[in-house]
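Visitor: What shape does this take:
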Amino acid sequence: MKRMIIKEWKEENNIEKLESIMKMNNGYITSKELDNYGIHRMYLNTMWKKGIVEKVAKGIYIDSNKIEDSYYVFSLSMPKTIYSHLTALYFHELSIKAPNDKYDITVRKNYNNKRLKDHNVFYVEDDIYELGLTEIETPMGNKVRAYDMERCICDIIRSKNRMDLELIKYSIREYIKRKDKDLIRLSKYAEQMGIKNEVMNFVEVFYE
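Guide: Alright, predicted model coming up:
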């Protein structure tokens, strides 16, 4: 068996570390994580050349044996966005509309990024930007930033002129059926967003 030279051993050692990180991250690793661990980014390039990983976005890599989760990759590459409205409701199993490649996302009012033009963007003031913020699993089991059910219900009513009314009605009906709904929280969110009467009127129509 050919002896491994010191340089190769060090390289293999770091690659093993990166593979361990990927296992913890459901197959993903980012350049930023390497910086946090004090590992040179050249090792990612080595792994890419060996076919161990594939590059799915700038600074984001995935185990070559894994299937890319586009929702998760987008969340990693655009950390200042929050999944909202019908996209978040889809994750909550409260929307029949799968997001495909165009997502409903919310950002702070003054935030701008050229990649936003490919999606349905909702701009909000700082005081409600993190209202109802939570983590939820995508259909592939990766956690992303999104709003909870109550915030999403408020959002689709608040933005009803930009949305399909039938999709709004469907989500509200399904929300009312949920045992884990929180109408008190819904009321508090709606009040903070200045749409309490409108939200309560919508909910009363479908409440049985």
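Visitor: C-alpha from now on. contacts and neighbour counts both.
Guide: OK.
Visitor: okay, which residue is most central for this protein?
Guide: Val144 (3.4 Å; CA atoms, centre = their mean).
Visitor: what comes into contact with stretch 122-142?
Guide: The contact list for stretch 122-142, computed with CA atoms under 8 Å, 6 or more residues apart in numbering, reads 26, 69, 71-72, 82, 91-92, 104-110, 143-148, 150-151, 189, 192-193.
Visitor: how about the nearest residue in space to Leu183 that is not next to it in sequence, what does it touch?
Guide: Excluding its sequence neighbours, the residue lying closest to Leu183 (CA to CA, 6 or more residues apart in numbering) is Glu150, at 7.8 Å. Counting by CA under 8 Å, 6+ apart, Glu150 touches 132, 181-183, 185-186, 189.
Visitor: go on, Ile29?
Guide: 18, 21-22, 60-62.
Visitor: In helices, which of the contacts of stretch 122-142 fall?
Guide: Applying DSSP state H to the contacts of stretch 122-142, the entries found in helices are 71-72, 91, 150-151, 189, 192.
Visitor: Would you map out the domains in the protein?
Guide: Using automatic domain parsing, the domain parsing of the chain gives 6-67, 72-206.
Visitor: Just the endpoints, please. Distance across the longest one?
Guide: This stretch, domain 72-206, spans 33 Å end to end (CA to CA, to the nearest Å).
Visitor: what about that domain, average pLDDT?
Guide: Averaging pLDDT along domain 72-206 gives 94.
Visitor: how far does it sit from the chain's center?
Guide: Domain 72-206 has its C-alpha centroid displaced from the chain centroid by 12 Å (CA atoms, centre = their mean, to the nearest Å).
Visitor: do the same with stretch 198-208
Guide: Using CA atoms, centre = their mean, the offset of stretch 198-208 from its chain centre is 28 Å.
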